[in-house]
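Participant: Here you go, sequence then predicted model.
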Amino acid sequence: MAQTRRWLDARLKSRANRLPSDILLLGLAAFACPALAQAEDIVDIDYRLEGPAPLAGGDGQPAGDAPPPQPVAVYGPTPSGESAAPVRNGRYDSFGEQVGAVKWEVAGIAAYMTITQIAVTHETTSFHFQDEGWFGKSTTNLGVDKLTHAYNSYLLAELLNARIGRKSGDRSSGALTAAVLASGLMIYSELYDAHKVSSGFSIQDVLFNTGGAAFSVLRNTVPGLKDKLDFRLLLMPNSDIYTFKGKEHYEQQRFMLALTLAGFDQFRETPWRFVELHVGYHASGFTAKDKAKGEDPRRRIFFGVGLNLKELFFKSPQSRVGRAAGSVLDYIQIPYTAIHVE
């Protein structure tokens, strides 16, 4: 039994330390915000002893051939649909231990940021600040870039929190650590802007970075909030379908909060579980082409009703791919699956 237990512990440790497919979603940074997206591909793992051994007849003695209790691994949802309670790992209780749990993830993200920033940085100067404003009509991107910063930081915090939770067995204890690391990584990226001739170190960007990471903490520590409220990005196709950079890229972006009725007990077993309520922001009329046409910059807050695709297609996924796809839908809004009014 001891040998079996040691083998199982080794297997579980191997699963926890192996980089899952979610880290590959870092590639989404090149064409989605640019942002880092993460499928929260966490498998709930529990192991326990089956027993006790069956007793023989009425003499109260164990059956002679009864096998000893054996450890059992439980993966994914239980038959009732509820996730098995994860094993709490006390090794990751402190801030330092949690940082150590994601050191390679942080290093990989920092390397990615370094490579992309060097690739897009052409003219440099000494460190300087730049007041970019907030959401005013005179700002460069009408505030859409600020929400991009918040969203990027939020996704980083969600990714790191999921990785800490995968190793510790607790999906909320690492939320603050993940937010601090995400904010630090975003400040590191901002330092490159501080040396660009075309930009500078923006306090507004830093504040929105912090706000995005703080929302991740709130979502992962307030009981039930993660099942009810999402921060999502909707990319509306344009004439190029997708524009990778520039103002046209920002003009495609619509950021929203989605309230999913499936997260509320009173709607969970009713058709209302397929409904979402949306509120968000987008802007238009600020590209060079728009200005050449004489269009005025427009800032819009929109409201709407959407279809909960995760509840419809990935409510209780059994495969890794299904869990990944369902998790992505917490962060990305698929075009033309909602009705929005401004």
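Facilitator: Perfect, thanks for sending it. Residues are numbered from 1 along each chain as shown.
Participant: unless I'm mixing things up, residue 159 is touching residue 108, no?
Facilitator: No: here residue 159 does not reach residue 108: they are 10.5 Å apart, not a contact under CB atoms under 8 Å. The C-beta positions use only the backbone N, C-alpha and C, and glycine is treated the same way.
Participant: Give me the more crowded residue out of those two.
Facilitator: Applying other CB atoms under 10 Å to residue 159 and residue 108 shows that residue 159 carries more neighbours, namely 27 against 14.
Participant: Assign a three-state SS to the more buried one, would you?
Facilitator: Put simply, residue 159 is helix when judged by DSSP: H, G, I helix; E, B strand; the rest coil.
Participant: Which parts of this protein are strands?
Facilitator: 45-49, 71-75, 229-235, 253-260, 275-284, 298-307, 332-333, 338-341 (DSSP state E).
Participant: helices or strands next to the third one in the packing?
Facilitator: Think strand 229-235. Judged by 3 or more CB pairs under 8 Å, 6 or more residues apart in numbering; DSSP states H and E, the packing partners of strand 229-235 are helix 144-168, helix 203-221, strand 253-260, strand 332-333.
Participant: Out of the ones you listed, which one sits most buried?
Facilitator: helix 144-168 (a mean of 26; mean count of other CB atoms under 10 Å).
Participant: what about residue 229, how many residues close to it?
Facilitator: Considering only other CB under 10 Å, residue 229 is surrounded by 17 other residues.
Participant: Then residue 310?
Facilitator: So residue 310, with other CB under 10 Å, has 20 neighbours.
Participant: what sits against it?
Facilitator: Residue 310 sits next to 260, 326, 329, 330 when contact means CB atoms under 8 Å, 6 or more residues apart in numbering.
Participant: could those residues go into JSON lines alongside pLDDT and distance to residue 166?
Facilitator: Shown next, in JSON lines, are these (pLDDT from 0 to 100; distance: CB to CB, whole Å):
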{"residue": "260", "pLDDT": "97", "distance to residue 166": "23"}
{"residue": "326", "pLDDT": "91", "distance to residue 166": "16"}
{"residue": "329", "pLDDT": "95", "distance to residue 166": "20"}
{"residue": "330", "pLDDT": "95", "distance to residue 166": "16"}
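Participant: Now tabulate these in a markdown table and tack on distance to residue 275.
Facilitator: Output for the contacts of residue 310, formatted as a markdown table (distance: CB to CB, whole Å):
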| residue | distance to residue 275 |
| --- | --- |
| 260 | 8 |
| 326 | 17 |
| 329 | 15 |
| 330 | 16 |
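Participant: Tell me which of these fall in helices.
Facilitator: Using DSSP state H, the members of the contacts of residue 310 that fall in helices are residue 326.
Participant: For the contacts of residue 310, work out which two are farthest apart.
Facilitator: Among those, the pair separated by the greatest distance (CB to CB) is 260 and 326, at 12.0 Å.
Participant: for this protein, what are the low-confidence residue spans?
Facilitator: 1-90 (pLDDT under 70).
Participant: burial of residue 189, as a residue count?
Facilitator: The burial count for residue 189: 21, using other CB under 10 Å.
Participant: That one is in contact with residue 117, isn't it?
Facilitator: Yes: counting by CB under 8 Å, residue 189 does reach residue 117; the two are 6.5 Å apart.
Participant: circling back to that earlier point, go through the helices and strands packed on strand 229-235 and name the closest to residue 302.
Facilitator: Of all the helices and strands packed on strand 229-235, strand 253-260 comes closest under CB to CB, at 7.4 Å.
Participant: Neighbouring strands of the closest one in the sheet, and parallel or not?
Facilitator: Partners of strand 253-260 in the sheet, by DSSP bridges, are strand 229-235 (antiparallel), strand 275-284 (antiparallel).
Participant: closest to residue 249 out of the ones you listed?
Facilitator: strand 229-235 (9.1 Å).
Participant: Show me what that closest one is in contact with.
Facilitator: Contacts of strand 229-235 (CB under 8 Å, 6+ apart): 32-33, 35, 151, 154, 212, 215, 219, 242, 252-260, 263, 280, 330-333, 335, 338.
Participant: any idea of the angle it forms with helix 203-221?
Facilitator: 130 degrees (axes from the mean of the first three to the mean of the last three CA atoms, to 10 degrees).
Participant: closest to residue 300 among the contacts of residue 310?
Facilitator: Using CB to CB, these come closest to residue 300 at residue 260, 22.9 Å.
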